[in-house]
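> the amino acid sequence is not available; the structure is as follows:
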């Protein structure tokens, strides 16, 4: 059984249980009327159905004392059972639960085909923001959250799975073994450490980005295998303080990340994205600013690391990245002139 089939069967559990109880009741009625009243199969089935359905049609014959006692208990047993079966069937066919299961199945099939995707654990304040950014960039991702109500909150077009991310089987269901990155944003530091340990065990090469609330958890997450630990509360407090101490710097940072509402954006462009004629050249030879008006803010060198404000002699070779800033129009010009990418991929 596949992981998707397992999840759908779990979703259909109450319907399967209701059907099983109904069939058990029918079997009890068939055996009871056949043995006690010596009825043939058709008449025993008829008596069973009219008793279970409480429709009060005419009996096939006068019941014996034992038959009346059996029928009385059989009716009492089926009063609650019939109400339960009707409520379960109604919830699936008239309240949209069956449609929801179909959507889950479709989403599950899409998830099973994902590769090199991002897993986002938790769709709270941080998780939802991360998903919005991933969706804007066109990156494949799937959300896992243990709150069933999140299924109604998650935006359309996002793939999701309701389950506890601390369980191995659930992480496997969202494709942990084929994922490139996992972002862990649950509000529980203990759960984040546990998920980090599990994710690292299931996929040794995955990049793990985890949320922490305090310094002690930060060190534990790194020991558990996290590649990067983010502390939103600390960053938020620092950012608010710097609105006072360095307001112009913060205004410039807002400009860089698009938070100010301007058309300026930061973008990274890898060596592999460059057209062949622009590979293995210095920034002077590329002459990016003169041709497109885009500013090269930094270079990620595969040996030296990040180089802020790189000089004109900085060489762009294999596995290097350009960090550029520009308006929408200038970025479009740069992408079309220098890269093999489609401009829509950075929107």
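Sure thing, it's come through. What you see is a predicted model; the values in this text were computed from it and never measured. Numbers count the residues shown, from 1 in each chain.
> the residue positioned nearest the centre of the chain: what secondary structure?
When CA atoms, centre = their mean is applied to the chain, the residue found nearest the centroid is residue 143 (1.4 Å). The local conformation at residue 143, judged by DSSP: H, G, I helix; E, B strand; the rest coil, is strand.
> what of residue 213?
Under three-state DSSP, residue 213 comes out as coil.
> the one 3 residues further on too?
At residue 216 the chain is in helix, as set by three-state DSSP.
> in the strand or helix carrying residue 24, what's buried?
Using DSSP states H and E, residue 24 maps to helix 13-36. By neighbour count with 16 or more other CB atoms under 10 Å, helix 13-36 contains the buried residues 15, 18, 21, 22, 25, 28, 29, 30, 32, 33, 34, 36. Yep, even glycine has a C-beta here, placed from its N, CA and C like the rest.
> which residue lies closest in space to the third one, excluding its sequence neighbours?
Going back to what we said before, that points to residue 21. The shortest distance from residue 21 to any non-neighbouring residue, by CB to CB, 6 or more residues apart in numbering, is to residue 81 (5.8 Å).
> how close does that neighbour get to residue 207?
52 Å (CB to CB, to the nearest Å).
> my read is that residue 171 contacts residue 144, right?
Yes - in this structure, residue 171 is within contact of residue 144 by CB atoms under 8 Å, at 7.4 Å.
> so what sits against both of these two?
119, 165 (CB atoms under 8 Å, 6 or more residues apart in numbering).
> quick one: which of the two has more around it?
The residue with more neighbours, out of residue 171 and residue 144 and counting by other CB atoms under 10 Å, is residue 144; that gives 29 against 26.
> hmm, residue 119 and that one touching each other?
Yes - Residue 144 is in contact with residue 119 according to CB under 8 Å; the separation is 6.4 Å.
> ok, residue 326 - contacts?
Residue 326 makes contact with 264, 265, 267, 292, 293, 294, 295, 334 under the criterion CB under 8 Å, 6+ apart.
> using the three-state scheme, assign residue 58.
Put simply, residue 58 is coil when judged by three-state DSSP.
> what does the one 5 residues further on give?
Using three-state DSSP as the criterion, the local structure at residue 63 reads coil.
> what number of residues lie near it?
Using other CB under 10 Å, residue 63 has 16 neighbouring residues.
> same question, residue 85
Counted with other CB under 10 Å, residue 85 comes out at 19.
> ditto for residue 113
Neighbour count for residue 113, taken as other CB under 10 Å: 10.
> and it, what does it touch?
No residues are in contact with residue 113 under the rule CB under 8 Å, 6+ apart.
> list the buried residues for stretch 144-164?
144, 145, 146, 150, 151, 154, 158, 159, 160, 161, 162, 163.
> end to end on it, go ahead and measure it.
8 Å (CA to CA, to the nearest Å).
> re the thing from before, quick check: closest non-adjacent residue to the residue nearest to the centre of the chain.
Leaving out its chain neighbours, the residue that sits closest to residue 143 by CB to CB, 6+ apart is residue 160, at 4.2 Å.
> just residue 18 next, same as before
For residue 18, the closest residue by CB to CB, 6+ apart turns out to be residue 88, at 4.1 Å.
> about what we covered before: just the contacts of residue 326 now: which is nearest residue 50?
residue 265 (71.9 Å; CB to CB).
> give me the pLDDT for the closest residue to residue 145 other than its chain neighbours.
Counting by CB to CB, 6+ apart, residue 145 lies nearest to residue 123, which is 4.7 Å off, once chain neighbours are set aside. With respect to pLDDT, residue 123 has a value of 92.
> helix, strand or coil for residue 123?
coil.
> next, count neighbours for it.
By the criterion of other CB under 10 Å, residue 123 has 23 neighbours.
> for the protein, just list every one of the helices.
With DSSP state H as the criterion, the chain has helices at 3-11, 13-36, 41-52, 65-93, 97-112, 125-137, 168-173, 189-202, 215-224, 232-245, 247-257, 283-286, 288-292, 328-338.
> rebuild those as JSON lines, extending it with distance to residue 273.
JSON lines is the format used below for these (distance: least, CB to CB, whole Å):
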{"stretch": "helix 3-11", "distance to residue 273": "34"}
{"stretch": "helix 13-36", "distance to residue 273": "48"}
{"stretch": "helix 41-52", "distance to residue 273": "68"}
{"stretch": "helix 65-93", "distance to residue 273": "49"}
{"stretch": "helix 97-112", "distance to residue 273": "27"}
{"stretch": "helix 125-137", "distance to residue 273": "14"}
{"stretch": "helix 168-173", "distance to residue 273": "31"}
{"stretch": "helix 189-202", "distance to residue 273": "28"}
{"stretch": "helix 215-224", "distance to residue 273": "31"}
{"stretch": "helix 232-245", "distance to residue 273": "29"}
{"stretch": "helix 247-257", "distance to residue 273": "20"}
{"stretch": "helix 283-286", "distance to residue 273": "13"}
{"stretch": "helix 288-292", "distance to residue 273": "13"}
{"stretch": "helix 328-338", "distance to residue 273": "8"}
